[in-house]
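**Q** can you look at this prediction? I've put the sequence above it.
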Amino acid sequence: MTSKSIIIAAMLFSGVSANAQANSVPFSNAEMTVSDKGYTLSIAPLQFEGNRHLSIELEVSGVKTISRQSISVCTYLQADVCTGATREVNHTKAEFEAQVALRCDDNVLFDITSHDSEFTNENVVADIANIHVEQSVFRENLSSCESLTLNVNLAKGDRVSTVLGSYTVSDSTSN
């Protein structure tokens, strides 16, 4: 086996394409534009010349909206009829939900809603929320987009504290 064939075999076994070149770009909410409900990141479409694969990974952290109420519950249910006493129980909702969308001009490439929410009979004191999102797009002609934007919007919750992430541009899904 020659040294050239050993290198090619090593590349095949490691899952790396001989032509694959990846460019990873980190970002945070400091590089994003503030919008009504969240943040927008503009991604330069020119870097997709010859590249068709875009992977996005991000962490969204913030503060949950907490609501508490007292509800009446049945202590004994028989055939969908309450035959026992009712009692008051505390019910707590702690909600944080973010919508992450990638758009090429007016076309939605993906739109994901992710949440870090809690529904419990206990008093919730932790209001810190963390969401992790990973999404990939494989599409011809990403470089033909006039605008390519990533939107992170708060759907439920008190506020978004930080957005940290990166996007990777490549010509292959094997990176």
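**A** Sure thing, it's come through.
**Q** and Arg52, what does it touch?
**A** Contacts here follow Cβ atoms under 8 Å, 6 or more residues apart in numbering; on that basis Arg52 touches 138-140, 142, 171. Where you see a C-beta, it was placed from the backbone N, CA and C, and this is true even at glycine.
**Q** dump the residue contacts of the nearest residue to Cys104 once chain neighbours are set aside.
**A** Across the structure, with Cβ to Cβ, 6 or more residues apart in numbering as the measure, the residue nearest Cys104 apart from its sequence neighbours is Cys145 (4.0 Å). Residues touching Cys145, when contacts are defined by Cβ under 8 Å, 6+ apart, comprise 45, 48, 104-105.
**Q** can you read off the pLDDT for the closest residue to Ala44 other than its chain neighbours?
**A** Of all residues beyond its chain neighbours, the one nearest Ala44 is Leu148 (7.5 Å), with distances taken as Cβ to Cβ, 6+ apart. Per-residue confidence (pLDDT) for Leu148: 90.
**Q** same question for Glu49.
**A** 78.
**Q** okay, it and Thr113: tell me how far apart.
**A** As judged by Cβ to Cβ, to the nearest Å, Glu49 and Thr113 stand 32 Å apart.
**Q** those two: which is more packed in?
**A** Each of Glu49 and Thr113 had its neighbours counted (other Cβ atoms under 10 Å), and the higher figure belongs to Thr113 (14 against 11).
**Q** nearest spatial neighbour of that one, skipping sequence neighbours?
**A** Counting by Cβ to Cβ, 6+ apart, Thr113 lies nearest to Gln99, which is 5.0 Å off, once chain neighbours are set aside.
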